[in-house]
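Novice: Structure of the sequence below:
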Amino acid sequence: MQQGSRRVAAVILPQVKKEAAKMLGMKNGYSSGIMNTVEFHPDSISEGKNGVLSFPWVSRRGVLNGFKSTHGGALATLADIFTRLHLAAAAPESVLSSVSFEISYLAAVAENVECNCVTRLVNQDAGALVYMDYSFEDKITGQVFARGSHVLSCSG
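Specialist: Here you go, the predicted structure:
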């Protein structure tokens with residue numbers, strides 16, 4: 001392993017919930033504001049197969065655009081938050097920095113739709129880069145509204 005690189009451990013659900021609660025507790029932060037607007041609750045995070053995490057949220061008025069669907073910037077912000085929470089729990093002592101962020105919008109998310117942001121740690125290279133992907137899905141039908149990837153530098 002190269003000097004300065006960090007290995008990402010398996011995610012432990014209680015650690016993810018702890019990180020999310022800590023972020024929500026930051027009263028003046030943009031992240032906590034949007035998480036409160038979409039009624040995100042740390043205790044609702046669930047873990048699936050192979051370390052996949054689901055972050056439930058609801059599209060509410062405060063994140064809608066002029067067409068009454070969730071603003072693309074809100075989706076991108078939520079993806080950034082949820083992938084960072086996932087990785088922060090997997091590598092708790094690391095400093096995280098975005099290297100690359102991509103999102104593809106596939107369908108509009110209407111007001112009051114219950115969604116999951118599903119995050120997955122895809123790969124860690126020999127250095128400090130960690131590759132994650134995510135998707136926004138209808139909690140009931142499974143329809144995918146958006147998906148993308150987030151590459152982060154993990155150092156510390």
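
Novice: can you give me the helices in this protein?
Specialist: 13-24, 30-37, 72-90 (DSSP state H).

Novice: now the longest one against helix 13-24, angle please.
Specialist: Computed with axes from the mean of the first three to the mean of the last three C-alpha atoms, to 10 degrees, the direction of helix 72-90 lies at 130 degrees from that of helix 13-24.

Novice: before we move on, the earlier item: please identify the most buried of the helices of the chain.
Specialist: With neighbours taken as mean count of other C-beta atoms under 10 Å, the helices of the chain reach their highest mean count in helix 72-90, at a mean of 22. C-beta: built from backbone N, CA, C; applies to glycine.

Novice: So which elements touch it?
Specialist: If you count contacts as 3 or more C-beta pairs under 8 Å, 6 or more residues apart in numbering; DSSP states H and E, helix 72-90 packs onto helix 13-24, helix 30-37, strand 53-58, strand 95-105, strand 114-124, strand 129-138, strand 144-155.

Novice: which regions of the chain lie under the pLDDT threshold?
Specialist: For the chain, applying pLDDT under 70 flags the ranges 1-11, 125-127.

Novice: For Glu93, give its distance to Ser155.
Specialist: Going from Glu93 to Ser155 by C-beta to C-beta, to the nearest Å gives 10 Å.

Novice: oh sorry, the question was meant for Phe145
Specialist: 32 Å.

Novice: When these two are compared, which one has more neighbours?
Specialist: Neighbours were counted for Phe145 and for Ser155 using other C-beta atoms under 10 Å; Phe145 has more, 21 against 15.

Novice: Pull the contacting residues for that one.
Specialist: Thr70, Leu75, Tyr105, Leu106, Ala107, Ala108, Val109, Cys115, Phe136, Glu137, Asp138 (C-beta atoms under 8 Å, 6 or more residues apart in numbering).

Novice: which of these are buried?
Specialist: Thr70, Leu75, Tyr105, Val109, Cys115, Phe136, Glu137, Asp138 (16 or more other C-beta atoms under 10 Å).
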